[in-house]
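Participant: Predicted coordinates and the sequence they were generated for:
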Amino acid sequence: MNWKNKTSMKEIIDIGKRAKKASYELAHLSTFEKDAILNGVAKKMLASVPDLLAENKKDLEQAAEMGLKGAIVDRLMLSKERIEGIAEGLVQIAGLEDPIGEVLEMKKRPNGLMIGKKRVPLGVVGVIYESRPNVTADVGGLCIKTGNVCVLRGGKEAFHSNLAIVSIFREVIEGLGHDPDMIQLVTNTTRESANALMKLNLYLDILIPRGGAGLIQAVVQNSTVPVIETGVGNCHVFVDSSADLDMAKSIVVNAKTHRPGVCNAAESLLIHKDVAEKAIPLIGKALLEARVELRGDEQVCSMLTEAKPATEEDWGTEYLDYIMSVKVVDSLEAAIAHIHTYGSSHSESIVTKDYDNAQYFLDRVDAAAVYVNASTRFTDGFEFGYGAEIGISTQKLHARGPMGLKELTTTKYVIYGNGQIRQ
C-alpha cells in the first residue's frame, strides 16, 4: 500500500470495506477453524524468532535515533522469551472455550414464541495503540477467536515489529484458505491515519485506544466510532496500619519496578501514619535501591533525604517510569479519598492484616481491579486466565477490567415461532 505524506481517507475507507467483507466470513468460522489459525500463527512465530528479532532491532535502532529510552524502549523490545510468551498466549486463547453461539437465555412467551439471546461477534474492531508489538498479537488472537475482524494502527516506533507479526497472521490465514483481511495493519503511522479511523463508523463497530493519556483522550473526544476507553493507570498501593511491612515492601517494589512502563504498575504509595516511622525507611530504601526516584510529602522528605518534594501534579501522574509518589495518610478513609481524587479507576491495592479493613477497601474503592495483599501487576489478561487481553477497560459500560473473549462479544435475540402474528 503506497501512502502519501497526508493520509488518504479513500485508502482508509478501502481498509474498512475489506474488513467488513471479511467479517462476514470470520463470524461464521467454526471453533476448529479459528483455533487452527491461532495454533498455526503460534507455530509460525516460534519458527520466525530470528526474523522477528531482526525486524524488532530496526525499531529499537530507530527508537534510539528518536531519543527514546527507559520504559518505552522496554515496552518496544522483543526477545526470544517474549516471543515465546506471545506464542504461548495464542495457544492458550485457542484452548479457551469459544463464547460465540452461547445461548444465554431462552424463554417461552404466552403466545408461544420462544425468545432467546446468544453471543455474537462485535464485527470489526479497530485498535489504535503505541509502542508494544505484543499488543498486535494479543488483539489478533482474541479477535480471531471471537470472530471479529481487527484493523490495527500501531505507532511508528514499533512499525517493523507490528508489520512482521501481522504478516505472519495473514500468511497463516490465507494458507488455510480464508480471507487474510481478517486482520489488517494501517501502514501509515501519522496522526492523520488515526483521525481517519476515528471517522470510520460506517465500517468499524468499535474503536479501542491503548496508550498514554493523550492518545486515549484524543480518541474519546474525537471519534464518531463507539469507543471503549482503556487503561491510563495511576495505580496505588496503600500500606495499612496492620500491614506486614516485609510483605508490603515486596509488593510495592514489585508493583513499581517489575515493568514500570505498563498501565498496571503502581505509581503512588500511601502509608498509614501509625506505621510511617517504620514503613518509610524500610520501603523507601528498597525503592531507592531499585533506582526509583521518590517524590514525597513533607514527612517522607524529612525521613528520606533522597526524596524530592511532591507537587500537586505528582499525585495524579502516571509516570510509566522509575518514579513514585509517596504520601502519609491519617486513615483508611483518607487513603480511599486520595485514591478517588487522583486515581484512574484502574488497579488499587491494600496491604493489611485486618479483615474488616480489607473488606472495607474492596467495597469502597471504585476501580476495575481491587487487591488485598497482592501486587497491582496482576491486572492482566494472561494472569487472569484469558490468554491475553485486548485492553484494560477503566469505564463501566459493556466491559471493565481486562477484556478477554466475552468482552469482545455482543448479543442478539433469536425468536422461534410457529405462525404467530401480532394482533
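Facilitator: Here it is on my side, so go on. Numbering: from 1, shown residues only.

Participant: where in the stretch 101-250 of the chain is pLDDT low?
Facilitator: 231 (pLDDT under 70).

Participant: all helices for it, in order.
Facilitator: 133-145, 159-175, 191-198, 213-222, 245-257 (DSSP state H, counting those that start in this stretch).

Participant: State the pLDDT value of Gly391.
Facilitator: At Gly391, the pLDDT value in this model is 80.

Participant: hang on, isn't it packed against Arg210?
Facilitator: Yes: between Gly391 and Arg210 there is a contact at 5.2 Å, judged by C-beta atoms under 8 Å. Where you see a C-beta, it was placed from the backbone N, CA and C, and this is true even at glycine.

Participant: quick check: domain ranges of the protein?
Facilitator: 9-230+403-416, 235-378 (automatic domain parsing).

Participant: Identify whichever of those domains lies nearest to Gly385.
Facilitator: domain 9-230+403-416 (8.2 Å; C-beta to C-beta).

Participant: if we can go back for a sec, closest to Arg422 out of the domains of the chain?
Facilitator: The nearest among the domains of the chain, by C-beta to C-beta, is domain 9-230+403-416 at 8.6 Å.

Participant: starting at the chain centroid, how far to that closest one?
Facilitator: In terms of C-alpha atoms, centre = their mean, to the nearest Å, the centre of domain 9-230+403-416 is found 12 Å from the chain centre.

Participant: For that domain, measure first residue to last.
Facilitator: 43 Å (C-alpha to C-alpha, to the nearest Å).

Participant: and what of stretch 146-157?
Facilitator: 29 Å.

Participant: Phe382 - that's part of a strand, no?
Facilitator: No: in this structure, Phe382 is coil, not part of a strand, as judged by DSSP: H, G, I helix; E, B strand; the rest coil.

Participant: Run a quick neighbour tally on it.
Facilitator: 20 (other C-beta atoms under 10 Å).

Participant: is it true that it touches Val91?
Facilitator: No: with contacts counted by C-beta under 8 Å, Phe382 stays clear of Val91, the gap being 11.7 Å.

Participant: Now do the helix or strand containing Leu90: which elements does it pack against?
Facilitator: Element membership of Leu90 [criterion: DSSP states H and E] is helix 80-95. Here helix 80-95 touches helix 31-47, helix 49-65, helix 133-145, going by 3 or more C-beta pairs under 8 Å, 6 or more residues apart in numbering; DSSP states H and E.

Participant: deepest of the ones you listed, which one?
Facilitator: helix 133-145 (a mean of 27; mean count of other C-beta atoms under 10 Å).

Participant: pull the CA atoms of that one into PDB?
Facilitator: Only the C-alpha atoms of helix 133-145 are listed here, as PDB (Å, rounded to 0.1, in the frame of the first residue of the first chain):
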ATOM      1  CA  PRO A 133       4.300  -5.100  19.500                       C
ATOM      2  CA  ASN A 134       2.800  -7.800  21.800                       C
ATOM      3  CA  VAL A 135      -0.500  -5.900  21.500                       C
ATOM      4  CA  THR A 136      -0.600  -6.800  17.800                       C
ATOM      5  CA  ALA A 137      -0.600 -10.500  18.500                       C
ATOM      6  CA  ASP A 138      -2.900 -10.200  21.600                       C
ATOM      7  CA  VAL A 139      -5.500  -8.300  19.600                       C
ATOM      8  CA  GLY A 140      -5.200 -10.500  16.600                       C
ATOM      9  CA  GLY A 141      -5.600 -13.700  18.700                       C
ATOM     10  CA  LEU A 142      -8.500 -12.500  20.700                       C
ATOM     11  CA  CYS A 143     -10.300 -11.200  17.700                       C
ATOM     12  CA  ILE A 144      -9.900 -14.300  15.600                       C
ATOM     13  CA  LYS A 145     -11.200 -16.500  18.500                       C
END
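
Participant: Just want the angle from that helix to helix 159-175.
Facilitator: 20 degrees (axes from the mean of the first three to the mean of the last three C-alpha atoms, to 10 degrees).

Participant: Helix 133-145 - contacts with which helices or strands?
Facilitator: Packed next to helix 133-145, using 3+ C-beta pairs under 8 Å, 6+ apart, are helix 31-47, helix 80-95, strand 124-129, strand 149-153, helix 159-175, strand 183-185.

Participant: what would the ones you listed look like in JSON lines with distance to Ser345?
Facilitator: What follows is the helices and strands packed on helix 133-145, written out as JSON lines (distance: least, C-beta to C-beta, whole Å):
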{"stretch": "helix 31-47", "distance to Ser345": "31"}
{"stretch": "helix 80-95", "distance to Ser345": "26"}
{"stretch": "strand 124-129", "distance to Ser345": "20"}
{"stretch": "strand 149-153", "distance to Ser345": "25"}
{"stretch": "helix 159-175", "distance to Ser345": "29"}
{"stretch": "strand 183-185", "distance to Ser345": "30"}
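
Participant: Which among these is found nearest to Ser375?
Facilitator: Closest to Ser375 of the helices and strands packed on helix 133-145 is helix 80-95 (C-beta to C-beta; 18.4 Å).

Participant: Next, the angle helix 159-175 makes with the closest one.
Facilitator: On the basis of the same axes, to 10 degrees, helix 80-95 is oriented at 40 degrees to helix 159-175.

Participant: Just the residues contacting helix 80-95, thanks.
Facilitator: By C-beta atoms under 8 Å, 6 or more residues apart in numbering, the list of residues contacting helix 80-95 from outside reads 34-35, 38-39, 41-43, 45-46, 49, 52-53, 134, 137-138, 141-142, 145, 382, 386-388, 405.
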